[in-house]
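Student: what's the 3D shape of this:
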Amino acid sequence: MVRRKIGHIFRILTLVILILTIHSTLKRLLVMKRYGYRRQETSTSIAAPQLNSSLTRQSIHRDITTKCPWIVRKNTLPNFYTRRGAFGIDDNFSPSSPYANGNVVFLHNQKSGGTTIKGCLRQIAAKLNIPQPTLIWNANAAEFYLILSKRNDSGENITLSKFYYGGHTFRVCDFASKPCSYFTVLRDPVERVISSYEFCKVRYMEPQCRVRNASEVSINEWAVSQGSFFFRQLSYNPLFCMRFFDDLLRKLVKPGDLPTAIGHSQCWYRNELIINHLLTEDDKYAILHYILDNLENWFAVIGLTEEWETTLHLLQKAYNLPFHSTCSGKMTNYHPYTEEGERHRSVTSGHFSRREIVESLKKRLWSDKDVIQALKFDLIIYERAKEIFSSQVQAYNQTLSVT
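Tutor: Just a heads-up that it's a prediction; the model follows:
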């Protein structure tokens, strides 16, 4: 009798689990159908999503910006090479152009050449004899934007610095009283996470390294915990960095997180946890579409780490500042993957170059569906960024033929 009851209960539990699994799968398929998410046939890229014909960009943008008003940017100059004409900005390459004469804001995507760009901006500021760039990062972002918001609400005419840089700069232009533009440099998201993994084994006190101990987790686990870093930077809300949210965040921490994971200086991860708590998968895909449709409206120049010299040329032309003249041939890199290289040699009794090690790790990460799921938004944005980069280069080459 008891065995029959246990068997009956077991069958009910199995049925419930099956129903929940089917429900979860159908929900995921509905999201994919709605936003057109699809994997390319190649094993090293994800295609940009296509909108379902029953939806419009306007309706998606309206719905998500109503729910998440903090993702809306204001006062930004559009892409210098691909959009300035559409915005009525003259083909002006002189020092008096709004790009050259306005505020310049660098959004630093970690482990994508940003340390070099920041050093370059400091050198340019010294050459121009103007104040050094203002850093906005995990530790000061909440207070910085809170002060600017209060000054803006009081009707004060805010005068910004010439240069800003850091990982939390993507709302500086909202407070600008004169032309203001962003630029960024992106890297293959899988390569970026490999670099982040190796970097954090050495520089474990850096903000992006204090959520998990890189020396105690696999590279796959690290990639999943880091997630789509650039997507998070573009959908970032500095208010989530305030201590007001500490009680909520203590409930949202994940198993395996370090005690420092939700510290005040871990602004990026606090955003990750709260956004995941507040938003559905539908919402995130809507934000993704909003980002893809606005990249050229938000960024005056989008550079690529693997096209370093060309990126510097694009920046120099757009801003009439000596980016290439100052920083050509310079690329700061903290860690040569020596530890991971030793692991490969211990297994294979062979010697591998850094590039071979990276390619091996990339294959390993691409074969893990959990990793690709975690990085998917950044992978999609990166594919779009490469298209924009190509258009920028084409337009840049045309300016050379004219001059």
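Student: going forward, measure contacts and count neighbours with C-alpha atoms only.
Tutor: Fine.
Student: mind listing residues that contact stretch 117-125?
Tutor: With contacts defined as CA atoms under 8 Å, 6 or more residues apart in numbering, stretch 117-125 is touched by 131, 132, 133, 163, 165, 321, 322, 323, 326, 327.
Student: ok, and the closest non-adjacent residue to the first one?
Tutor: Taking CA to CA, 6 or more residues apart in numbering, and ignoring the residues beside it in sequence, residue 131 has residue 125 as its nearest neighbour in space, at 6.5 Å.
Student: residues near that neighbour, how many?
Tutor: Using other CA atoms under 10 Å, residue 125 is surrounded by 17 other residues.
Student: a strand runs through it, doesn't it?
Tutor: No. Checked against DSSP: H, G, I helix; E, B strand; the rest coil, residue 125 lies outside a strand; its state is helix.
Student: the chain should start at 756 in everything you say after this.
Tutor: All right, first residue 756 from here; so that's residue 880.
Student: quick one on the thing from earlier: ok, of the contacts of stretch 872-880, which one's closest to residue 1043?
Tutor: Distance to residue 1043, by CA to CA, is smallest for residue 920 among the contacts of stretch 872-880, at 23.6 Å.
Student: so where do the helices sit in the stretch 1056-1158 of the chain?
Tutor: Using DSSP state H, counting those that start in this stretch, the helices of the stretch 1056-1158 of the chain run over 1063-1074, 1078-1082, 1093-1103, 1109-1121, 1124-1157.
Student: next one: the closest residue to residue 1141 other than its chain neighbours from residue 1008, what distance?
Tutor: Distances taken as CA to CA, 6+ apart put residue 1059 closest to residue 1141, at 7.7 Å, once the chain neighbours are dropped. Distance, residue 1059 to residue 1008, using CA to CA, to the nearest Å: 33 Å.
Student: one more: residue 1014?
Tutor: 9 Å.
Student: and these two? which has more neighbours close in?
Tutor: residue 1008 (18 against 11).
Student: so which bits of stretch 963-972 are buried?
Tutor: Under the neighbour-count criterion of 16 or more other CA atoms under 10 Å, stretch 963-972 has 963, 964, 965, 966, 967, 968, 969 buried.
Student: an error on my part: the question was meant for stretch 924-940.
Tutor: By neighbour count with 16+ other CA under 10 Å, stretch 924-940 contains the buried residues 924-931, 934-940.
Student: repeat that for stretch 940-956.
Tutor: 940-956.
Student: what stretches of this structure score poorly on pLDDT?
Tutor: Within the chain, the stretches with pLDDT under 70 are 756-810, 841-851, 1016, 1018-1020, 1087-1107, 1156-1158.
Student: next, name the residue at the spatial heart of it.
Tutor: Note on the chain: the residue nearest the mean C-alpha position is residue 985, at 0.7 Å, using CA atoms, centre = their mean.
Student: mind listing what that residue touches?
Tutor: By CA under 8 Å, 6+ apart, the neighbours of residue 985 are 864, 1133.
Student: doesn't it fall inside a strand?
Tutor: No. Applying three-state DSSP, one finds residue 985 to be helix, outside a strand.
Student: for residue 1122, see how far away it is.
Tutor: According to CA to CA, residue 985 stands 22 Å off from residue 1122.
Student: neighbours of residue 1052, just the number please.
Tutor: 21.
Student: over to residue 1007?
Tutor: Based on other CA under 10 Å, the number of other residues close to residue 1007 is 15.
Student: I figured it hits residue 1026, correct?
Tutor: No. When contacts are counted by CA atoms under 8 Å, residue 1007 is not listed as touching residue 1026 (11.2 Å).
Student: can you tell me the element the nearest residue to residue 1085 once chain neighbours are set aside falls in?
Tutor: Excluding the flanking residues, the one nearest residue 1085 by CA to CA, 6+ apart is residue 871, at 7.1 Å. Applying DSSP states H and E as the criterion places residue 871 in helix 869-883.
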